[in-house]
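Asker: Return atomic coordinates for the entry below.
(2 chains)
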Amino acid sequence: MDQRILIATRVVQELQPGNLVNLGIGLPTLVANHLPPGLEVYFQSENGIIGMGPVPEEGMEEPDLTDAGGGYVSALPGATSIDSAMSFGLIRGGHLDVTVLGGLQVDEAGHLANWMVPGKMVPGMGGAMDLVCGARRVIVAMTHTARGTPKIVPECTLPLTSVRRVDLVVTELAVIEPTEQGLVLKEIAPNVTVDEVLANTSARLLVPDQVPTMQLPG
Amino acid sequence: MKGIRLEAAVDLIPEGASLMIGGFMAVGTPERLMDELVRQHRGGLTVIANDTARPGVGIGKLIDARLVRRLIVSHIGTNPETQRQMLADELEVELVPQGTLAERVRAGGFGLGGVLTATGIGTSVEHGKQSLEIDGRRFLVELPLRADFALIRGKRCDHKGNLDYSLTARNFNPLMALAADTVIAEAASIVPVGVIPPDEVSTPGVVVDYVVQRN
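Answerer: Numbering: from 1, shown residues only, chains lettered A, B, ... in the order given. Alright, predicted model coming up:
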């Protein structure tokens, strides 16, 4: 299975029926494509829509109906268009059940860095700081390493997105839960060993005696 | 509200003015006003907006023409030219979390002295800002934003200046419509009074100074 699809498929299992969910740009947007039939969730996009639907067929796009990356989307029955104050009122006010965001680094305190690399890449934080600060549950969906360099580190060296501890990290190798005691290895990916996870992680991981394998749909 | 020709609308805007510009990745950005600002080469601008879209689109047109001196936005990742000008010190950029930007604009328009938000606590956004503890939780004091002009785009505008919006083209437009000394609106269509029912007016015409006439 493609690594990004594996991550998206595992993240989907965290969503509950009726959840209001915000997906970050990039890898997290894949989550919407892997919902099991019958799981009804509401996707919010911070540019101002609740009830975002799939990309419309070519030639049927509405220029005023886009996601936060500017890509064309559709709207599902019951959708609502909202202004930016309402959009972030939902995010900061505890009304957003889950946000799924990409990451550059996560550290032992569960802190996320995902908005800039000083001197190299300064895209800006967009909605990320509000999302991490305000969502009820923050899930980081990212590759475990960046060209071999661990992204799960003792302490973030990149500027933090928030000092809120994120709730779960899902990579192509593992599911890791940041806790008060530290980063707990909760699951490993199929055909991956605990040693491989440890070898690709520079942070200290708390490893229980039994680490289950991710249960993914065949 | 007065109808105004496109050229005359941009004539009102002096060099070095501060502009709030609606839109999110150019969706809901008044493109005719962007094109006319470029044509009249109105420079030295301060722009307050969500983002600078992409080169050649929306606010990206102002960046391409090097009309912007200072930028207050949440995101520039989609426009490499904005990043280039920033890293070359040709453009001053203040990055603001998107929800905080919305509330600072809202505060500016609603007569508030600022807003308190937990967003940014413990990050570089906190630098140089006052914070307050309320019920055991720490909040940043974020100050209001206002501008000389708001350039906004609606779906329909009636002859009283009442505006409604289309889907995700709404975004910052209704907030900015209250936060500038002069508000210039562009709309996809101009309709007789009554076509937009009172319950569906998002921006009341009383805050709109000028509506750009059709060509």
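
Asker: going forward, measure contacts and count neighbours with C-alpha atoms only.
Answerer: Noted.

Asker: how far away is the closest residue to chain B within chain A from A:Val138?
Answerer: Proximity to chain B, evaluated over chain A using C-alpha to the nearest C-alpha, is greatest for A:Pro123 at 3.6 Å. Using C-alpha to C-alpha, to the nearest Å, A:Pro123 is found at 21 Å from A:Val138.

Asker: of the two, who's got more company?
Answerer: In terms of neighbours (other C-alpha atoms under 10 Å in any protein chain shown), A:Val138 is the more surrounded of A:Pro123 and A:Val138; the figures are 23 against 20.

Asker: Please identify the helix or strand for the more buried one.
Answerer: Here A:Val138, judged by DSSP states H and E, is contained in strand A:137-141.

Asker: give me phi/psi at the residue nearest the centre of chain A?
Answerer: With distances taken as C-alpha atoms, centre = their mean, the residue of chain A nearest its centroid is A:Val100 (2.4 Å). For A:Val100, the backbone dihedrals are phi -120, psi 120 (criterion: degrees, to the nearest 10).

Asker: The nearest residue to A:Tyr72 once chain neighbours are set aside and A:Ile50: what is the separation?
Answerer: The shortest distance from A:Tyr72 to any residue other than its chain neighbours is 4.4 Å, reached at A:Thr66 (C-alpha to C-alpha, 6 or more residues apart in numbering or on different chains). Here the distance between A:Thr66 and A:Ile50 works out to 12 Å (C-alpha to C-alpha).

Asker: Those two: which is more packed in?
Answerer: More neighbours sit around A:Thr66 than around the other of A:Thr66 and A:Ile50, counting by other C-alpha under 10 Å; the figures are 26 against 22.

Asker: For the closest residue to chain A within chain B, give me its contacts.
Answerer: Closest approach of chain B to chain A (C-alpha to the nearest C-alpha) occurs at B:Gly77, with a separation of 3.6 Å. When the contact criterion is C-alpha atoms under 8 Å, 6 or more residues apart in numbering or on different chains, the partners of B:Gly77 are A:122-124, B:83.

Asker: re the thing from before, surely the residue nearest to the centre of chain A touches A:Met142?
Answerer: No. Judged on C-alpha atoms under 8 Å, A:Val100 makes no contact with A:Met142 at a distance of 9.8 Å.

Asker: related to what we said a few turns ago, ok, so what distance separates the residue nearest to the centre of chain A from A:Ala135?
Answerer: 10 Å.

Asker: which residues sit in contact with B:Pro55?
Answerer: Under the criterion of C-alpha under 8 Å, 6+ apart, the contact list for B:Pro55 reads B:61, B:63-64, B:79-81.

Asker: Including secondary structure and distance to B:Leu163, could these go into CSV?
Answerer: Supplementary listing: these in CSV, determined by DSSP: H, G, I helix; E, B strand; the rest coil; distance: C-alpha to C-alpha, whole Å:
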residue, secondary structure, distance to B:Leu163
B:Lys61, helix, 25
B:Ile63, helix, 28
B:Asp64, helix, 30
B:Asn79, coil, 30
B:Pro80, helix, 33
B:Glu81, helix, 33
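
Asker: Columns distance to chain A on top of these, output as CSV?
Answerer: CSV is the format used below for the contacts of B:Pro55 (distance: C-alpha to the nearest C-alpha, whole Å):
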residue, distance to chain A
B:Lys61, 16
B:Ile63, 15
B:Asp64, 17
B:Asn79, 9
B:Pro80, 9
B:Glu81, 12
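
Asker: got a winner among the residues you listed for most neighbours?
Answerer: With neighbours defined as other C-alpha under 10 Å, the most crowded of the contacts of B:Pro55 is B:Ile63; it has 24 neighbours.

Asker: thinking again about what came up before, what about the strand holding A:Val138, near chain B?
Answerer: No. Judged by C-alpha under 8 Å from any C-alpha of the partner chain, strand A:137-141 stays clear of chain B, getting no closer than 14.3 Å.

Asker: contact partners of that strand?
Answerer: By C-alpha under 8 Å, 6+ apart, the surrounding residues in contact with strand A:137-141 are A:7-8, A:11, A:27-28, A:97-103, A:131-132, A:166-171.

Asker: And the next helix or strand past that strand?
Answerer: strand A:145-146.

Asker: biggest separation within the contacts of B:Gly77, which pair?
Answerer: With C-alpha to C-alpha as the measure, no two of the contacts of B:Gly77 lie farther apart than A:Gly124 and B:Gln83, at 10.0 Å.

Asker: Those two - which one has more neighbours?
Answerer: Summary of the neighbour comparison: A:Gly124 and B:Gln83, criterion other C-alpha under 10 Å, with A:Gly124 having more neighbours (23 against 19).

Asker: gap between the more buried one and B:Ile72?
Answerer: 11 Å.

Asker: what's the answer for A:Leu160, then?
Answerer: As for A:Leu160, its distance to B:Ile72 is 20 Å (criterion: C-alpha to C-alpha).

Asker: top helix in chain B by residue count?
Answerer: helix B:98-110 (DSSP state H).

Asker: Now do the next helix or strand after it: everything it contacts.
Answerer: Moving toward the C-terminus from helix B:98-110, the first helix or strand encountered (DSSP H and E) is strand B:115-117. With contact meaning C-alpha under 8 Å, 6+ apart, strand B:115-117 is reached by B:100, B:103-104, B:107, B:139-144.
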